[in-house]
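Colleague: Compute the structure for the input listed below.
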Amino acid sequence: MPFTDLTLDDLRTYRPDLPEPADLDAFWSTTIAEARAAGGGFDLSPADTPITELIVEDLVFPGFGGEPVRAWVTRPKTDAALPAVVEYVGYGGGRGLPGERLQWAAAGFVHVLMDTRGQGSASGTGGDTADPHGSGPAMPGFMTRGILDPETYYYRRVFTDGVRLVDAVRELPFVDGSRVAVTGGSQGGGIAIAVASLVPDLRGAMPDVPFLCDFPRAVALTPRNPFTEITQFLGVHRDLTDQVFRTLSYFDGAVLARRVTVPSLFSVALMDDIVLPSTVFAAYNRLAAPDREIVVYAYNGHEGGQAHQWVRQARWLRERL
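Modeller: From the prediction side, this is the model:
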C-alpha cells in the first residue's frame, strides 16, 4: 500500500483556509445549553459480565435533547476518586459487550465508553442506543443524515452526546472531575476533537487517526467510505453543494481545532486511505493548544498505531495528571 497524500514535510505545514461560520460559537453554545436544560439524570447499574477483578457498569445518561444514551463504565475496585478517560468509538461501531476494553481500567483509570447513537451494526459486537430523529434524503450510512441544515445534521446530536457524557462522568462519585480526558479512534477521534473544543477544562485530548476533519479536501480526494457517502450524495444532488458544505463547516474538526486549548496527543498514518493524513494535519496544525504532539506511523493504514499508540497515550496522560 503506498503513501496516500502529501510528503511529511508538506503535511507539517498544511493549513487550509477553511470557511468558518460567523455564528459557529453561538450555534454550539446554544446547542449545548439546550441539551443541559433538557435535564435528566444518569443511571448506573451493574453489567452482566464474567469480569470479576474490575467493576463494569452500565451507564445511561441524557444526551442531545435529554435523550438516553448508553455507555460502559469500567474501573478499578476502589472507592478513591480516580482520573477518567472518556472514549468515543469508530464509524459504524457500538460500545460492544461489557468488559471488551479493559486496558484503561487495568492502568488505574475510570474508563467510560460511549455508545454512538444509531450506530453499532457495522462492526464489532453491537450498540444499544437509538437515534430517534428522521432525516431528509440521504445516502446509506450516517454522513448525510440531515446534512442540509446544521440544526438537523446527525453529528450535532453525536457531538452533543459526547459533551453531555463528560458532564455525567464528572458527577460520578468515583471520578475526580478535574482529571478527565477524551480519546477515540477514527470517528471517535473526530468526536474527541469536537468535545475538546466545547469543554475547555479537560486535562487532555487524544484523537487517534481522527475522522471528520477538512471536509472540502476529504470529500474531494478520499477514495474510500465513509467520506464518499457525501461525494455520492452530491453526485445526485448537484445543486446542493454550497448548502452541504455550509452545514459541514459547523462540524469540521479542522475548524473546531482552533478552539482546542487542552493538551493534545494526535496520531496519523501515512498510508491511510480512509482518513487522509492531510486532513488530520489540517486539524493538528490549527490547534490552539500549546502542549501538543502528533505521532506519525509512516507504514500503517487506518489501523494506525493500535496498542503501540495506547501505550504512548497512557504514559503521556499520566505525565499531565
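
Colleague: May I have the helix ranked longest in the chain exported as PDB, CA atoms only?
Modeller: Using DSSP state H, we find that the single longest helix of the chain is helix 154-171. Only the C-alpha atoms of helix 154-171 are listed here, as PDB (Å, rounded to 0.1, in the frame of the first residue of the first chain):
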ATOM      1  CA  TYR A 154     -26.600  13.900  12.600                       C
ATOM      2  CA  TYR A 155     -23.300  14.900  14.100                       C
ATOM      3  CA  ARG A 156     -24.900  17.800  16.000                       C
ATOM      4  CA  ARG A 157     -26.600  15.100  18.100                       C
ATOM      5  CA  VAL A 158     -23.400  12.900  18.400                       C
ATOM      6  CA  PHE A 159     -21.100  15.800  19.400                       C
ATOM      7  CA  THR A 160     -23.600  16.900  22.000                       C
ATOM      8  CA  ASP A 161     -23.900  13.400  23.400                       C
ATOM      9  CA  GLY A 162     -20.100  13.500  23.800                       C
ATOM     10  CA  VAL A 163     -20.200  16.700  25.800                       C
ATOM     11  CA  ARG A 164     -23.100  15.500  28.000                       C
ATOM     12  CA  LEU A 165     -21.200  12.300  28.700                       C
ATOM     13  CA  VAL A 166     -18.300  14.400  30.100                       C
ATOM     14  CA  ASP A 167     -20.900  16.200  32.200                       C
ATOM     15  CA  ALA A 168     -22.300  12.900  33.600                       C
ATOM     16  CA  VAL A 169     -18.800  11.400  34.200                       C
ATOM     17  CA  ARG A 170     -17.900  14.400  36.400                       C
ATOM     18  CA  GLU A 171     -20.800  13.700  38.600                       C
END
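
Colleague: which other helices and strands contact it?
Modeller: In this structure, helix 154-171 makes packing contacts with helix 24-37, strand 55-62, strand 68-75, strand 82-88, strand 110-114, strand 175-185, helix 187-198, judged by 3 or more CB pairs under 8 Å, 6 or more residues apart in numbering; DSSP states H and E. (Each C-beta comes from the backbone N, C-alpha and C, glycine too.)

Colleague: Go again with 10 Å.
Modeller: Helices and strands touching helix 154-171, by 3 or more CB pairs under 10 Å, 6 or more residues apart in numbering; DSSP states H and E, are helix 24-37, strand 55-62, strand 68-75, strand 82-88, strand 110-114, strand 175-185, helix 187-198, helix 241-248.

Colleague: Distance to residue 207 and mean pLDDT added to those, as a markdown table?
Modeller: Below are the helices and strands packed on helix 154-171 laid out as a markdown table (distance: least, CB to CB, whole Å; pLDDT from 0 to 100):
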| stretch | distance to residue 207 | mean pLDDT |
| --- | --- | --- |
| helix 24-37 | 18 | 98 |
| strand 55-62 | 22 | 98 |
| strand 68-75 | 19 | 98 |
| strand 82-88 | 9 | 98 |
| strand 110-114 | 15 | 98 |
| strand 175-185 | 7 | 98 |
| helix 187-198 | 3 | 98 |
| helix 241-248 | 18 | 98 |
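
Colleague: what residue lies at the spatial centre of the chain?
Modeller: Closest to where the C-alpha atoms of the chain average out (CA atoms, centre = their mean) is residue 191, at 2.0 Å.

Colleague: pretty sure that one contacts residue 208?
Modeller: No: with contact defined as CB atoms under 10 Å, residue 191 does not reach residue 208; the gap is 11.5 Å.

Colleague: Between those two, which contacts overlap?
Modeller: Here residue 191 and residue 208 have 87, 90, 183, 184 as joint contacts, going by CB atoms under 10 Å, 6 or more residues apart in numbering.

Colleague: So of those, which two are at opposite extremes in space?
Modeller: Distance extremes for the shared contacts of residue 191 and residue 208: the farthest pair is 90 and 183 at 11.9 Å, using CB to CB.

Colleague: between those two, what contacts are shared?
Modeller: When contacts are counted by CB under 10 Å, 6+ apart, the set common to residue 90 and residue 183 consists of 189, 191, 208.

Colleague: Thanks again, I'm all set now.
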